[in-house]
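**Student:** Provided below are the primary sequence and the corresponding predicted coordinates.
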2 protein chains.
Amino acid sequence: MSVYQKLVTLGVLLLSMALPCHLRAETGYDAWLRYSVLTDSERVKYGSLPASVVVFGESTVLHAAQQEMVRGVQGMLGRILRVGKDQVEEKAIVLGTLDGLRSVAPWLQGREGLHADGFWLTTGKIQGFDCVIITALKDRGVLYGMFAFLSKMARNESVAALNEVQQPYAPIRWVDQWDNLDGRIERGYAGPSIFFDNGNVRGDLTRARDYARLLASIGINGCTINNVNADPRVLEDSFLPELTRVADAFRLWGVQLAISVNLSSPKAVGGLDTFDPLDPRVEQWWRKRVDVLYREIPDFAGFVIKADSEGQAGPSTYNRTAADAANVIARALKPHGGIVFYRAFVYNHHLDWREPKNDRAKAAYDFFHPLDGKFEDNVIIQIKHGPIDFQVREPASPLFGGLRSTNQAIELQVTQEYMGQQRHLCFLAPMWKEVLDFDLHVGGGQTPVKDLVAGKVFHRPTGGFVGVVNVGMDANWLGHPLAMANLYAFGRLAWNPNLSASTLADEWTRLSFSSDPIVVKTIGAMQVASWHVYESYTGPLGAGTLTDILGSHYGPDVDSSERNGWGQWHRGDHEGIGMDRTVSTGTGYSGEYTAAVATLYESIATTPDELLLFFHHVPYTHVLHSGKTVIQHIYDSHYQGAEQAQHYVHQWESLKGRIDDERYAAVLARLEYQAGHAIVWRDAICTWFRRMSGIADAEKRVGNYPDRTEAESMQLEGYVPLDVMPPENASGGKAVECSPEAHRCVASLRFAAPAGWYELDVQYFDQNNGESTFRLLVGEQVIDEWVADDHLPAVKVGGDSSTRHRTKKLALRPGDRVRIEGTPDGREHAAFDYIEIRPAN
Amino acid sequence: MSVYQKLVTLGVLLLSMALPCHLRAETGYDAWLRYSVLTDSERVKYGSLPASVVVFGESTVLHAAQQEMVRGVQGMLGRILRVGKDQVEEKAIVLGTLDGLRSVAPWLQGREGLHADGFWLTTGKIQGFDCVIITALKDRGVLYGMFAFLSKMARNESVAALNEVQQPYAPIRWVDQWDNLDGRIERGYAGPSIFFDNGNVRGDLTRARDYARLLASIGINGCTINNVNADPRVLEDSFLPELTRVADAFRLWGVQLAISVNLSSPKAVGGLDTFDPLDPRVEQWWRKRVDVLYREIPDFAGFVIKADSEGQAGPSTYNRTAADAANVIARALKPHGGIVFYRAFVYNHHLDWREPKNDRAKAAYDFFHPLDGKFEDNVIIQIKHGPIDFQVREPASPLFGGLRSTNQAIELQVTQEYMGQQRHLCFLAPMWKEVLDFDLHVGGGQTPVKDLVAGKVFHRPTGGFVGVVNVGMDANWLGHPLAMANLYAFGRLAWNPNLSASTLADEWTRLSFSSDPIVVKTIGAMQVASWHVYESYTGPLGAGTLTDILGSHYGPDVDSSERNGWGQWHRGDHEGIGMDRTVSTGTGYSGEYTAAVATLYESIATTPDELLLFFHHVPYTHVLHSGKTVIQHIYDSHYQGAEQAQHYVHQWESLKGRIDDERYAAVLARLEYQAGHAIVWRDAICTWFRRMSGIADAEKRVGNYPDRTEAESMQLEGYVPLDVMPPENASGGKAVECSPEAHRCVASLRFAAPAGWYELDVQYFDQNNGESTFRLLVGEQVIDEWVADDHLPAVKVGGDSSTRHRTKKLALRPGDRVRIEGTPDGREHAAFDYIEIRPAN
């Protein structure tokens, strides 16, 4: 093996070791903990940093904190700190709890208000030497303080004369993973599970350990590792050693293990003939089960329960309430300090769509509000941020205001299920902030959602923040290198929801890429704009994401929301669109808010434009506060959004050479894909509304594509036309595909515009059940060749598979025969939709 | 597979395709043909470049030229040129021979002096349109013109209003590969053969084709693919289809195939009982063999012969001359236009070292000079540039002046056999230039070697330049990314030996990395200085490389040259050193030059310092022209050279972010290794001379290493001392190795210097027969860990395996126990030599 090959191998092997930055391949594995070497001028700031790091006390967490401090300083300054224990013999960075430091620094004691996981960064003399002190009540707080200290250095902030206390906003700062035991992840978009493989916990838990490190660095203290649609096997005796191994991997970083459990477990794996929560045998079973569990995992965190929802068994089987179900388990956990998260995502997915008063948005409130006060003190109701299901725009769930005597947590989704599935850039902090800061007016003063879930309003013993993350085995954790900003922002907001989205984007960019002002400004601008951009070319005005809700939740499909029992209705027809959720004429949903909020949403006049269609049914000609009609807003926003998605590519290209080549290339590929798919979205949504409303685009863009030639209009050899469903997912409603008997197919056209440089897009369909090859020829000249080998969530021709291939700056002359040649593979028939030829600029 | 993983795979798969630069991994595979995208401001220069490239005429070479032009322009400008044939319909780049363009551009004809492989870049109207014209007498000339045109663009030179003729200096511009049929390469340092594997030609010849493309781009027109120590099998009937496949792969790029043949072939594979060149059956056999060969490979180039040398059979078996042997084969080739290269590397390797008049340097001249004029016109005597064997410093071979009626070619070695084997940076153009420009004074006017080998002095029908390259399967061809400058420089010098070394370094850097002035200046300075730096820390004053000539030809071993029959003697003893090669008192070698040169070397007074020991034996106290004694010069130059090798690392580090991360890391790793190995060389050579001469270093450096602690002086657990041979290859003559029964060994010392930041080097032995692990600890703290898993040419503890591991900026305090912990593996016993601890700056 050559030195070069070895370096590459080494780069992969040593990803988690402290190596000089230039030896590491920038796969994104290190996320925001890169500790990349500071420039000479940046380093000056840390010239007087002590040469040793001394830990007081003995624990795996404190040991990890000390090791991490060595690693971080070595990465950033190239210095290897000496480690010491329980004694300071020179200037030092000192790590220890207040208790641990009591004998050597009595003057530290009595600090007001330091509680739970909070920490204190300060300076002072210990054993006669000037020290930087990182202290807390608990080991975990010291760990968090250490990460905060390194983060300051990585962002080149001063660490001189520190005196700073940070307290987390809420005790619950958890992440959930929806991993199945077979290794697949429900709504995971970055490879298989880092925890499970083939029915068991993985043998190598390096990834799990490194994930816990990332979580700890942003203050996350709990992690549920399996799907809420839970396999009862996780509670079998034989599985306990498996869970123990994960808990061991997490413990180093102060992350507590939790699991999702199936309410039917007493029957499914417990040998009982019932799982009735009020049956004493069931109660006893849970207690025994939990006692055994805590014997192996003393710091076990608790259970997450999804019941009576989307086919999961629940207390309704025995006519019991959710409180009955939660409490029987909560009582088993209570002696050990464990918690039950009971998900509020309970609704009837066979709702009668013909009944205009039916409304899925009301389900959580209707179900849980009456149970307020009936839950044990170690039960937390886990509430999705909006009343439906992580749509691109929803109001805050009224249930946050509906529970006053019950603990609650907000469930935010880091994995971009309805938000482009990490194929599209979509930084969610601005959306989360809108919900967290939204005042539900449930008390005298301000009662924003963040305070309600943190238990601050009604003085609850616990509560907080849960993020559904679904990282996978992809080297960069979430697939899209820029998507990790969402995990970072989630953790930071759980710690301090008062941080602004732009601060979070700034911090993340500095840590993940560079403090180069152009990099920080460019990536920051892209991230902060991205949610609104995504909204602009997908579902407008609160109508929902308008994706295919029956299938992939990915590409456009306006009709999929209608005429079925899932209740994600937008009620769009030829006259207008929107769910009337008012009390006066609609489903009454708005009445689930307190008066101040309900009044806001009850009237079209006061409902903000962006939620109009969530609350009201209006004609397409309705004039928005913006002055535009609804229909023209839909057209305009989709063209603007798609345009902004094209612009990402140029913004990113301006960073060439300012960041590492690996991530530059990986992100560019995703942004180029997104730019193409944004046009698929734009055209599908605009076409649907144009057809449904019968109202033309005032700007004459919709249905008018002067540079485009439909595949079905080209001269075809072997290719045959195909009707695409829904029709708006292909230009002109049709594509062409290779006929079954053809080995290779050709579509051609005669170019008629003036001679010059042109840019040529081929819109083709990249399914995941074949790898067709395409070639672009002009005359006999092969201009370009590509393989449709992406793994999009698509087995057929449609909006999920529609993909753009761009050929830049091609010389064309009138009379040229432009040919697309497709070679099918497997069940993918080299289908394409159109080509578009524009003068190159 | 994620998009990111796919990108990585794609990067590897598509290396040879025209893709935007950002999608390609910079492995070095593209060498100087990267065609990386120009900046916007650079592109402006080519705004009016035609949009089409039209070829006149039909041949694979012309087709390749047209495709390459499309590829180059697409890479650099992002534009896809349209291809045309035999007709211009708009402004175009036109490719064609003068013959091919005769009908459309009669005004081009009659250009004076355009011959053979030369080309003409010009502009003019063809069929009514303004065209850029690339023309030549032959297809291959058009190809070379096309590459010259793209090279100008890649270096951002203007291509407007071109009118430039370039002619190659000589017809022979060849490379040799010393590849064995089993896939190993004699003196190859970059992986196995790209041609052979397991006794046959490889199934996949992509690398061979891409190698031919690289060769063509610098004007190389022939390639010998197998070792000069030739396997007779290459002339078996069954092997002919294999050769044909290689010839087919080369033909596209105008590179003609040649092979090395064994003179005993008529007997070994031909079924005859003799290979006597004067036997008519032998003559007939060669003729038939060659006829069959040309039937399959009509453009076959010829044979290379090594005979009567280093154990190879030769005409001496039958008391025939080299001329008899060469001519019988030459006559067989002549009707087909083929050539015989007969290597002048013939010498007795059992020379009696006790006889002071014996001199290997005289062998080539003694052997071939008497045969001058006896060779057929299609025989070329292939002469190594110096009289010994590619040592770090040799005078030009006198044989260049000794053949007036015989064709000759100079053999230069691109593969760095004695020059650091691509582990050490050593740009050879400055050395080659010294030889090529050296005037042997054999005629009336100036008669530099370049003119002699080109046949210009004595008007020979052919002659020129042969480079021994030995590229391998390593992605970057030669192992060290910077080593490719040697192949580039060889090709360019074969085309035009009047180019300066700094011009070549400049061109190569721009093409291979970037036109960023800091990059060009830094890499240029490193390259141009590197031969002298390498010489400074290896063999001084013309004494030879002083490497282990009996083994690896890699690490230091002064004594290996002495007291054996190989004749690479330097005659160093306790009084002095040097081979007396004068006529008056020595071997008489200097008399093989013409009087003007002989006089120069005959006298110490006129012999340049750098060749002093090649020509004279002097006492160590002899004072050089520089004013220093020989012994002090040896000490000083070795310290300076090693210092400059350390400086390479800093020079390279200044380029961080200015070049791609992959090659940055790969080169940095080699430079850091070299910096350590230069100290091994420095210490070994200085120690040998100190011991031998008994004269101390005036600067008190030699034998005095204040920061160093010998391993054998440390407190050892499991480690045992080991005598190293030769002793100067280890500090203090000893190392320590793990005793056979120990699983893990420890050596420790008590640190006694003041508290502060320190840099720590561990000099360990990295053999290729095991992968030991080392850990560095301070107290219980693990500071560093590494694996001795490099593949150096070393199976034992010594100068070939001695390797430095550096730990930077480590906090140490008096009293600290510094420990080296070694875990042996296989036959590698975790040996190390010393540690050195210096204050970090």
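**Tutor:** Done, it's in.
**Student:** flag the shaky bits of chain A, pLDDT-wise.
**Tutor:** Counting by pLDDT under 70, chain A shows low-confidence ranges at A:1-25, A:112.
**Student:** list the residues that contact A:Ile297.
**Tutor:** A:243-244, A:247, A:257 (C-beta atoms under 8 Å, 6 or more residues apart in numbering or on different chains). The C-beta positions use only the backbone N, C-alpha and C, and glycine is treated the same way.
**Student:** also A:Ala51?
**Tutor:** A:79, A:81-82, A:90-91, B:755-757, B:811.
**Student:** what of A:Phe751?
**Tutor:** Listed by C-beta under 8 Å, 6+ apart, the contact set of A:Phe751 reads A:778, A:812-818, A:837.
**Student:** not counting sequence-adjacent ones, nearest residue to it?
**Tutor:** A:Asp816 (4.2 Å; C-beta to C-beta, 6 or more residues apart in numbering or on different chains).
**Student:** and that neighbour, how far from A:Tyr758?
**Tutor:** Using C-beta to C-beta, to the nearest Å, A:Asp816 is found at 10 Å from A:Tyr758.
**Student:** so between those two, which is more surrounded?
**Tutor:** The neighbour comparison of A:Asp816 against A:Tyr758 (other C-beta atoms under 10 Å in any protein chain shown) goes to A:Tyr758, with 24 against 21.
**Student:** before we move on, back to that, among the contacts of A:Ile297, which are in strands?
**Tutor:** Among these, the residues falling in strands (DSSP state E) are A:Leu257.
**Student:** who wins for most neighbours among the contacts of A:Ile297?
**Tutor:** That'd be A:Leu257 among these, by other C-beta under 10 Å, with 24 neighbours.
**Student:** for the residue nearest to it when sequence neighbours are not counted, list the residues it contacts.
**Tutor:** Nearest residue to A:Leu257 in three dimensions, chain neighbours excluded: A:Ala247, at 4.2 Å (C-beta to C-beta, 6+ apart). Going by C-beta under 8 Å, 6+ apart, A:Ala247 touches A:256-257, A:296-297, A:299-300.
**Student:** closest residue of the stretch 51-200 of chain A to chain B?
**Tutor:** A:Ala51 (3.5 Å; C-beta to the nearest C-beta).
**Student:** near the residue in the stretch 551-700 of chain A that chain B sits nearest to, how many other residues are there?
**Tutor:** With C-beta to the nearest C-beta as the measure, A:Ala666 is the residue of the stretch 551-700 of chain A nearest to chain B, at 4.5 Å. Per other C-beta under 10 Å, the neighbour tally for A:Ala666 reads 27.
**Student:** cool, and the one 10 residues further on?
**Tutor:** Other residues within reach of A:Gly676 by the criterion other C-beta under 10 Å amount to 21.
**Student:** could you measure from it over to A:Ala830?
**Tutor:** 17 Å.
**Student:** need the residues of the stretch 451-600 of chain A near chain B, please.
**Tutor:** Residues of the stretch 451-600 of chain A lying near chain B by C-beta under 8 Å from any C-beta of the partner chain: A:474-476, A:479, A:481.
**Student:** element containing the residue sitting furthest away from the middle of chain A?
**Tutor:** Going by C-alpha atoms, centre = their mean, the residue of chain A most distant from its centre is A:Gly815, 49.5 Å out. Applying DSSP states H and E as the criterion places A:Gly815 outside every helix and strand.
**Student:** hmm, A:Arg750 and it touching each other?
**Tutor:** Yes - applying C-beta atoms under 8 Å as the test, A:Gly815 and A:Arg750 come out as touching, 6.7 Å apart.
**Student:** ok, for A:Met692, nearest residue in space, not its chain neighbours?
**Tutor:** Once flanking residues are discounted, A:Met692 sits nearest to A:His574: 5.6 Å by C-beta to C-beta, 6+ apart.
**Student:** contacting residues around that neighbour?
**Tutor:** A:His574 touches A:692-694, counting by C-beta under 8 Å, 6+ apart.
**Student:** just A:Ile679 next, same as before
**Tutor:** Counting by C-beta under 8 Å, 6+ apart, A:Ile679 makes contact with A:642, A:804.
**Student:** surely it is in a helix?
**Tutor:** Yes - applying DSSP: H, G, I helix; E, B strand; the rest coil, one finds A:Ile679 inside a helix.
**Student:** in the stretch 501-650 of chain A, which spans are helices?
**Tutor:** A:501-512, A:517-537, A:595-602, A:612-615, A:630-653 (DSSP state H, counting those that start in this stretch).
**Student:** deepest of the ones you listed, which one?
**Tutor:** helix A:612-615 (a mean of 26; mean count of other C-beta atoms under 10 Å in any protein chain shown).
**Student:** the strand or helix carrying A:Val53: which residues count as buried?
**Tutor:** Using DSSP H and E, A:Val53 falls within strand A:52-56. Neighbour counts using 16 or more other C-beta atoms under 10 Å in any protein chain shown place A:52-56 of strand A:52-56 among the buried residues.
**Student:** okay, those in CSV with distance to B:Ile218 next?
**Tutor:** Putting the buried residues of strand A:52-56 into CSV (distance: C-beta to C-beta, whole Å) gives the following:
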residue, distance to B:Ile218
A:Ser52, 56
A:Val53, 55
A:Val54, 61
A:Val55, 61
A:Phe56, 66
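**Student:** residues contacting the residue in the stretch 301-450 of chain A that chain B sits nearest to?
**Tutor:** Nearest to chain B in the stretch 301-450 of chain A, going by C-beta to the nearest C-beta, is A:Arg423, at a distance of 8.2 Å. By C-beta under 8 Å, 6+ apart, A:Arg423 lies in contact with A:189, A:479-480, A:554, A:670, A:673-674, A:677, A:792.
**Student:** ok, now with 6 Å
**Tutor:** Neighbour list for A:Arg423: empty [criterion: C-beta atoms under 6 Å, 6 or more residues apart in numbering or on different chains].
**Student:** repeat that for A:Asp197.
**Tutor:** Listed by C-beta under 6 Å, 6+ apart, the contact partners of A:Asp197 are A:Gly183.
**Student:** how deep is A:Gln408 tucked in, by neighbour count?
**Tutor:** 32.
**Student:** does A:Gly770 touch A:Glu828 like I think?
**Tutor:** Yes - with contact defined as C-beta atoms under 6 Å, A:Gly770 and A:Glu828 form a contacting pair (2.7 Å).
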